[in-house]
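**Student:** one predicted model, sequence on top.
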Amino acid sequence: MRFEGTDFTGAHAEGHSFLECSLLGGTLDEAHLEGSRWSESEWQRVAGVGLSLVEASLVETTMEGCRLAAVSAWGSTWRDVTVRGGKVDFLNLRGARLKDVAFVDCVVVELDLQEATVDGLSFEGCTLVSPTFGRGRYAALDLSGATLRSPVGLAALRGATMSRAQVIDLADALAAELGIAVAD
């Protein structure tokens, strides 16, 4: 199915499956997609505030140039997903399972990855503002291509990859989280 410019404001599609669907330039404000399954689908220039993808499954899906805010996707599963361009504010991926997911050239504000299970997640050319980590498993989490602003939970990033410049920039914050006093 191809949905072009469709307004799905307030839509309820809980538990529905979307196979090879295209959302082009539509609106997903306050859309309820809890437990939905998206496979081999694409979202282009989609806008949405208050989108719920709680416990949803996204497989081989691309989101390009989207402008999303207040996205609840806790407990969701993302596999082979690419988010390219655009901006996402308040993305809650707490407890999500992410495998081979790439964010490319986008801005993500207040990303919550606490308790997430990551096996391949990268942020190439992205700006992450106030991302939160903690109590998760971050295998193959690559932050080296991102600009990190005010991250929280740095001490929990065992298994992640960061650039040398990032580690130097975040040294004071990491030391503070670990309870290390830094003398001048």
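**Tutor:** Cool, got the structure.

**Student:** quick one: buried residues of the lowest-mean-pLDDT helix or strand in the chain?
**Tutor:** Here the helix or strand of the chain ranked lowest by mean pLDDT, DSSP states H and E is helix 171-178, holding a mean of 92. Going by neighbour count (16 or more other Cβ atoms under 10 Å), the buried part of helix 171-178 is 174, 177. Backbone N, C-alpha and C define where each C-beta goes, glycine included.

**Student:** return the distance of it from the chain's centre.
**Tutor:** Here helix 171-178 shows a centroid-to-chain-centroid distance of 24 Å under the convention Cα atoms, centre = their mean, to the nearest Å.

**Student:** same question for stretch 40-55.
**Tutor:** On Cα atoms, centre = their mean, the centre of stretch 40-55 falls 12 Å from that of its chain.

**Student:** what's the answer for stretch 12-19, then?
**Tutor:** Centroid displacement of stretch 12-19 relative to its chain, using Cα atoms, centre = their mean, is 20 Å.

**Student:** need the contact partners of that stretch.
**Tutor:** Stretch 12-19 has contacts (Cβ atoms under 8 Å, 6 or more residues apart in numbering) with 1, 31, 32, 33, 34, 35, 36, 37, 38, 39, 40, 41.

**Student:** can you give me the first-to-last residue distance of it?
**Tutor:** 17 Å (Cα to Cα, to the nearest Å).

**Student:** mean confidence for that stretch?
**Tutor:** Mean pLDDT, computed over stretch 12-19, is 97.

**Student:** all the helices of the protein, residue numbers only.
**Tutor:** 164-169, 171-178 (DSSP state H).

**Student:** tabulate the ones you listed (CSV), appending distance to residue 54.
**Tutor:** Shown next, in CSV, are the helices of the chain (distance: least, Cβ to Cβ, whole Å):
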stretch, distance to residue 54
helix 164-169, 31
helix 171-178, 29
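
**Student:** tell me which of these lies nearest to residue 22.
**Tutor:** Nearest of these to residue 22, taken as Cβ to Cβ: helix 164-169 at 36.0 Å.

**Student:** and that closest one, how far out from the chain's middle?
**Tutor:** Worked out by Cα atoms, centre = their mean, helix 164-169 lies 22 Å from the chain centre.

**Student:** buried residues, that helix. List them.
**Tutor:** Within helix 164-169, the residues that count as buried by 16+ other Cβ under 10 Å are residue 166.

**Student:** picking that back up, alpha carbons only: can I get the least confident helix or strand of the chain in PDB?
**Tutor:** Only the C-alpha atoms of helix 171-178 are listed here, as PDB (Å, rounded to 0.1, in the frame of the first residue of the first chain):
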ATOM      1  CA  ALA A 171      36.100  12.900  30.300                       C
ATOM      2  CA  ASP A 172      34.800  15.200  33.100                       C
ATOM      3  CA  ALA A 173      31.200  13.900  32.800                       C
ATOM      4  CA  LEU A 174      32.400  10.300  32.800                       C
ATOM      5  CA  ALA A 175      34.700  10.900  35.800                       C
ATOM      6  CA  ALA A 176      31.800  12.500  37.700                       C
ATOM      7  CA  GLU A 177      29.500   9.500  37.000                       C
ATOM      8  CA  LEU A 178      32.200   7.200  38.200                       C
END
